[in-house]
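J.: this one's sequence-less:
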């Protein structure tokens, strides 16, 4: 069995990034996405926060965060988008996305007293979808239950606000001009296709192979936050990540690049 990877630090920072930081991000990012450097630098501007994954201050991955507060369904809503995620393969398997989510709950705990908190993403692959499906008990869309009307209205608001005509209200998917992810691990191994969450994703977003995304959301209520804490603590105290070949689908989410648009 291989030795465990060095512990990756997770930190959240506003988007006031230096040229050197952006260049370091690009060196990690360009291996996994079909963007040129100019497009990447423009894309950075769309996120107002970033979660950085570092080893001795060296960036080994990051997640773009778009955080805004609005009012929908007569309630204040804190909506946090996860996207532009990339993690160096050598440092996957450390629950970096759930740890990011937990840190966000701590960072914005005051807002949680007066707002509903939702995490959402444009999931370009089954692994991005599994970040939600295998981390919290309640998320949407899912094979387990129909999407409530209030949740669907939030998803439609996000889709129409950020993707305009590329968003399909009927399917909850977002069309793309091309496949953005350049990572061979986005392919669905045959042995995982019987997993109900993966099977649902493939049915809900059959054009994922053409680069389409599925808008995925979770309401971070007490139950979901409690589950998130348990997942993070369990992963933090594991001595050593298991080998990918031995993992069940539920564990992929904690090892793999989480490709979100």
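T.: Perfect, I can see it now. As the structure is a computational prediction, the values presented were derived from the model and not from experiment.
J.: could you use CA atoms for every contact and neighbour count after this?
T.: Noted.
J.: just for the protein, where's the confidence low?
T.: 1-5, 183-186, 235-261 (pLDDT under 70).
J.: not counting sequence-adjacent ones, nearest residue to residue 55?
T.: The shortest distance from residue 55 to any non-neighbouring residue, by Cα to Cα, 6 or more residues apart in numbering, is to residue 8 (5.5 Å).
J.: so the one you found makes contact with residue 53?
T.: Yes: judged on Cα atoms under 8 Å, residue 8 makes contact with residue 53 at a distance of 6.0 Å.
J.: which residue of those two possesses the greater neighbour count?
T.: Remark: of residue 8 and residue 53, residue 53 carries more neighbours, 25 against 21, as counted by other Cα atoms under 10 Å.
J.: quick check: next helix or strand after the strand or helix carrying that one?
T.: Take DSSP states H and E as the rule and residue 53 turns out to sit in strand 49-55. With elements assigned by DSSP H and E, the helix or strand that comes after strand 49-55 is strand 58-72.
J.: tell me which residues are up against that following strand.
T.: 24-25, 28-29, 44, 46-54, 76-88, 91, 154 (Cα atoms under 8 Å, 6 or more residues apart in numbering).
J.: that older thread, against which helices or strands is the strand holding residue 53 packed?
T.: strand 9-14, strand 58-72 (3 or more Cα pairs under 8 Å, 6 or more residues apart in numbering; DSSP states H and E).
J.: partner strands of the first one and their direction?
T.: When you say that, I think you mean strand 9-14. The strands beside strand 9-14 in its sheet (DSSP bridges) come out as strand 49-55 (antiparallel).
J.: mind listing what's buried in the strand it pairs with?
T.: 49-54 (16 or more other Cα atoms under 10 Å).
J.: with stretch 11-24 instead?
T.: Under 16+ other Cα under 10 Å, the buried positions of stretch 11-24 are 12, 15.
J.: chain center to that stretch: distance?
T.: Relative to the centre of its chain, stretch 11-24 is centred 19 Å away, using Cα atoms, centre = their mean, to the nearest Å.
J.: next: stretch 124-135.
T.: 7 Å.
J.: check which residues of it are buried.
T.: 124-135.
J.: hmm, who's touching the strand holding residue 53?
T.: Contacts of strand 49-55 (Cα under 8 Å, 6+ apart): 6-15, 59-67, 87, 96, 100.
J.: no more questions from me, cheers.
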